[in-house]
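# can't give you the sequence, but here's the structure:
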């Protein structure tokens, strides 16, 4: 039985256990049919031209991981932002782990998607938000929609400010030889509300894991959403991250993606504007080595006048690592006075590393400011010589230069402890001791 | 301190230095002058260890050790400092953090402990004052958006922090207005003692009014063709270089 057949059988099993007379049932069936028809994406699709999942899909993934997986806090503490107090939603092999989590219903909801899917009191949330902006033409998103059972549900009501950051962490224990995880997050940030969220997928072993995650985020009028994705997983972990963000007028949504590890990582990051004077920020630092691969596939859909979007992605590629940056900016006819900016800078540290960069601007309005820039280069030799002349050894000089290169993106991280943590990971990844507190 | 014997060097098969000799002793100030393209900047790059150049013949001894095979940072650790004609911008790294890294890496290589933070701070303050550098300046990204004068002042500030045995000032006067020139020269003079040496590479005599050389050398076509005292610099200023060419022929 190949993976697709296995998924089919698993879906049937799952459906038997679920309520059939509901909208949800409809959604799942539609989604599954769509996946079944289209299958896993291949390099024949323009959107997947540079990223092949073929080697990953050879694994005999378990679709329903074992249930009895426990982990101790001390094993995983390092993966939390433990320097500060946070809300935590922790999942182990796809199941919620209450012991490691810290949820709340006081003023704000930091809880579980399974509640939204099954409890009558969340009926309206389900109808208004679930599967509303996830792309129904994207087969992996459909696959997730068909199987979605668990994940984070966060609701920050009108005028509320989440009093501390929220961490969403998915661990996999390796108790199964290989697993396919399909977490689903739903985040609703009300008018004038504000939230900071950190998401991470972490495997605690060397077995293959494939995570196909879908996150839907709704930013209402004047809401502020700061979302941070930390991707520093083990060499056998593949992540397909599908994130969809709908923004109402004057909201500000920022997503920072830090890609430092994993096998194949694909970030489908989509912003949809549903009002005026919206700001969208997409920032990324990618630092890869060995044979790691990261594909940033972004879309900003400007549909209304006077909105801004800023994209800034930095990439450093060593060894045989490969990167893709495909940034699409779509400006509808109505979206006059759009200010869209896209920047993608890359450094290749080896002859065998590569990056495919493709800006894609589709502009139908005539009074807009859209710009894009892309650079691919090596480390600046004259800067290296300058630093060496000042007694700084070559490897430290290299690290300092690369740190300097990515620093611009780090600057906009609003949680100081997170910024420090990322800086540390960068220093480790670059194998350099920077010798001063950043 | 520095002995250069019959140095031949090339870049991409183009011969630039063609048998250069130079001896610098502790306590001395040397000026190297010459027309454009004579090889002045090549000489400073080669002493500092830039890899683009190939030494095809001759040797460079620093304190009687052949340094031709040493990496730039190893030469720096031994006490060679080059003030760059065009200092490089490094966004995201502040002047203070850069100099801290520089000093502590140098100390590490010399088998010393890191400099204690309070001592470092004190020294930074002292040297910044010497070069009339404002404290705000120290927390800016290294050379980013600095004016020409600020860049050069920052070079001499780093020199003051590192206290090298041999300082090579490559066209330090270019891009400086008269006030900045005075500050920079004053800084260099205050750092000067009988144990260290300075090599000033310059086009113009102007800087030598402030940093007075013991010897002036004329570098032409890859060789030192004439040496003299500071009066030679004045003569060059007045007459240019052509008369030397004629003299040589």
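Arrived safely, thanks for sending. Computed from a predicted model, the values in this text were never measured in an experiment.
# Run through the helices of chain A in chain order.
Listed in chain order, the helices of chain A (DSSP state H) span A:3-16, A:23-38, A:54-57, A:73-76, A:113-118, A:123-129, A:139-147, A:381-389, A:394-410, A:416-429.
# Turn the ones you listed into TSV, columns for distance to chain B and mean neighbour count.
In short, each C-beta sits where N, CA and C put it, glycine included. Below are those laid out as TSV (distance: least, C-beta to the nearest C-beta, whole Å; neighbours: other C-beta atoms under 10 Å in any protein chain shown):
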stretch	distance to chain B	mean neighbour count
helix A:3-16	44	14
helix A:23-38	44	16
helix A:54-57	35	14
helix A:73-76	32	12
helix A:113-118	39	19
helix A:123-129	39	15
helix A:139-147	36	24
helix A:381-389	4	21
helix A:394-410	3	21
helix A:416-429	11	17
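# Walk me through the domains of chain A.
Listed by automatic domain parsing, the domain ranges of chain A are A:3-274, A:381-438.
# Residues of chain B that sit close to chain A?
B:48-51, B:71-73, B:75-77, B:81-82, B:84, B:87-88, B:90-93, B:97-98, B:100-106, B:109, B:141, B:158, B:162 (C-beta under 8 Å from any C-beta of the partner chain).
# Across the sheet, point out what pairs with residue 168.
This is for chain A. residue A:89, residue A:199 (DSSP bridges).
# should've been chain B
Under the criterion used (DSSP bridges), residue B:168 bridges to residue B:82, residue B:199.
# now the strands for chain B?
Along chain B, counting by DSSP state E, strands occupy B:2-11, B:14-24, B:29-33, B:54-62, B:65-66, B:80-83, B:90-94, B:141-142, B:166-170, B:197-202, B:215-220, B:223-228.
# which stretch among those strands comes nearest residue A:282?
strand B:90-94 (20.1 Å; C-beta to C-beta).
# So for chain B, which residue is the most central one in space?
residue B:168 (1.9 Å; C-alpha atoms, centre = their mean).
# isn't that residue right up against residue B:196?
No - contact criterion C-beta atoms under 8 Å: residue B:168 and residue B:196 do not qualify, at 11.7 Å.
# For chain A, what's its nearest residue on chain B.
Nearest residue of chain B to chain A: residue B:92, at 3.2 Å (C-beta to the nearest C-beta).
# quick one: the closest residue to that residue other than its chain neighbours and residue A:314, what's the gap?
Leaving aside its chain neighbours, residue B:92 sits nearest to residue A:407 (3.2 Å; criterion: C-beta to C-beta, 6 or more residues apart in numbering or on different chains). Going from residue A:407 to residue A:314 by C-beta to C-beta, to the nearest Å gives 9 Å.
# For the stretch 301-438 of chain A, what lies in contact range of chain B?
Applying C-beta under 8 Å from any C-beta, we find that the stretch 301-438 of chain A lies next to chain B at A:380, A:382-383, A:385-394, A:396-397, A:400-401, A:403-405, A:407-408, A:434-436, A:438.
# tally of neighbours for residue 65?
The chain I'm using is chain A. Look at residue A:65: counted by other C-beta atoms under 10 Å in any protein chain shown, it has 21 neighbours.
# I was after chain B.
Neighbours around residue B:65, by other C-beta under 10 Å: 10.
# who's in contact with it?
residue B:78 (C-beta atoms under 8 Å, 6 or more residues apart in numbering or on different chains).
# Show the model's pLDDT score for it.
For residue B:65, the pLDDT comes out at 96.
# Repeat that for residue A:190.
Reading off the model, residue A:190 has pLDDT 98.
# again with residue B:241
pLDDT, residue B:241: 88.
# tell me the contacts of it?
B:34, B:35, B:218, B:220.
# so which of those is the most crowded?
residue B:34 (25 neighbours).
# re the thing from before, for residue A:259, find the nearest of the strands of chain B.
Using C-beta to C-beta, these put strand B:90-94 closest to residue A:259, at 19.3 Å.
# What is that closest one packed up against?
Contacts defined by 3 or more C-beta pairs under 8 Å, 6 or more residues apart in numbering or on different chains; DSSP states H and E place strand B:90-94 against helix A:381-389, helix A:394-410, strand B:141-142.
# how close does residue B:42 sit to residue A:317?
Counting by C-beta to C-beta - residue B:42 and residue A:317 are separated by 34 Å.
# between the two, who's got more neighbours?
Higher neighbour count among residue B:42 and residue A:317: residue A:317, with 25 against 22, using other C-beta under 10 Å.
# any idea how far whichever residue of the stretch 101-250 of chain A sits closest to chain B is from residue A:413?
Closest to chain B within the stretch 101-250 of chain A is residue A:228: 19.5 Å, counting by C-beta to the nearest C-beta. Going from residue A:228 to residue A:413 by C-beta to C-beta gives 7 Å.
# Residue A:68 too?
Residue A:68 is 37 Å from residue A:413, by C-beta to C-beta.
# try residue B:177
Counting by C-beta to C-beta, the gap from residue B:177 to residue A:413 is 40 Å.
# Please identify which of the two sits among more neighbours.
residue A:413 (22 against 10).
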